[in-house]
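Asker: Pasting the sequence and the predicted coordinates here, then a few questions.
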Amino acid sequence: MDIEMTKGIAPLVLQNGIIVAGHPRSGTSLTCQLLETAGVHFPSDLGSDNYNKDGYYELSNAKELEKKLIEHAMTDENILEMNKIVKLLNDTKGLTGLKIVHIPAAFFYKHIAKNLRVVFIFRNPADVKSSMLRRGISQFKLTWFENNNALVAAHENIPKSIVISYETLMSGNARINKAFKKLGFNVDTGVIKKSHRTQENSRMIITPDEKLMYNYLKKLEKQSMK
């Protein structure tokens, strides 16, 4: 994917990028929590609530930038905003990570990153939709299918990336550790609390395309966990 950039302002280089990317209510915060056990710090200005009891692990300005990048790409204004985020990540001591819920935005960080590692997380679309409605989110900028289609493309284009499902994380499968080790992380799955699960086995109807996508993502997950 080619990223068009203006000639006015140069983007800062993300020195050691660690990104967690997934559709809302897919387990992104849980994945950040796992990486935290491996020494990754996620700068955040959003606290916890009844829906994410351990916090959201995200920056509000970075989340807004994701939408602007998708709409307008690398304009001078967007580069300035991205530089603020990249500077924060670069200046923070130790390993730092960034959570992304508009997955196409990962391509823009790929373009400016020196050593990018990404954990892509997905979840059954019926459970995602039900969990979002419980959260009071009836619409999102990208549909579940659009966002996860971008996940597939990003995974294809980012060599140091793995794909894991929320369902596998909640199961505590031993292969989780093997997948994370591919990126150089030793995580502690003991932090996973099944009591925090917001939705399971929803009977909401999903489209044939969503079912097809979900099954394909599970195939990608198997490859990541080999």
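Answerer: Thanks, I have the structure now. Just so you know, these numbers come straight off a predicted model, no measurement behind them.
Asker: just the helices in the chain please.
Answerer: Here the chain has its helices, by DSSP state H, at 28-36, 60-72, 76-91, 106-112, 125-135, 144-157, 166-171, 175-181, 208-224.
Asker: I'd like those helices written out as JSON lines, with distance to residue 200 and mean neighbour count added.
Answerer: C-beta coordinates here come from the backbone N, C-alpha and C atoms, glycine included. Output for these, formatted as JSON lines (distance: least, Cβ to Cβ, whole Å; neighbours: other Cβ atoms under 10 Å):
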{"stretch": "helix 28-36", "distance to residue 200": "14", "mean neighbour count": "24"}
{"stretch": "helix 60-72", "distance to residue 200": "26", "mean neighbour count": "16"}
{"stretch": "helix 76-91", "distance to residue 200": "34", "mean neighbour count": "17"}
{"stretch": "helix 106-112", "distance to residue 200": "28", "mean neighbour count": "22"}
{"stretch": "helix 125-135", "distance to residue 200": "6", "mean neighbour count": "20"}
{"stretch": "helix 144-157", "distance to residue 200": "17", "mean neighbour count": "20"}
{"stretch": "helix 166-171", "distance to residue 200": "8", "mean neighbour count": "19"}
{"stretch": "helix 175-181", "distance to residue 200": "18", "mean neighbour count": "17"}
{"stretch": "helix 208-224", "distance to residue 200": "15", "mean neighbour count": "15"}
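Asker: Out of these, the one nearest residue 21 is which?
Answerer: For residue 21, the closest of these is helix 106-112, at 5.1 Å, according to Cβ to Cβ.
Asker: helices or strands up against that closest one?
Answerer: Packing partners of helix 106-112 (3 or more Cβ pairs under 8 Å, 6 or more residues apart in numbering; DSSP states H and E): strand 18-21, helix 76-91, strand 95-100, helix 144-157.
Asker: So for residue 226, which of these sits nearest?
Answerer: Across these, closest to residue 226 is helix 144-157 (Cβ to Cβ), at 14.6 Å.
Asker: so that closest one versus helix 125-135, what angle?
Answerer: 120 degrees (axes from the mean of the first three to the mean of the last three Cα atoms, to 10 degrees).
Asker: For helix 144-157, give me every contacting residue.
Answerer: Contacts to helix 144-157, defined as Cβ atoms under 8 Å, 6 or more residues apart in numbering, come from residues 1, 21-23, 101-104, 106-107, 110, 118, 120, 122, 125, 128-129, 140, 142, 161, 163, 207, 209-210, 213, 216-217, 220.
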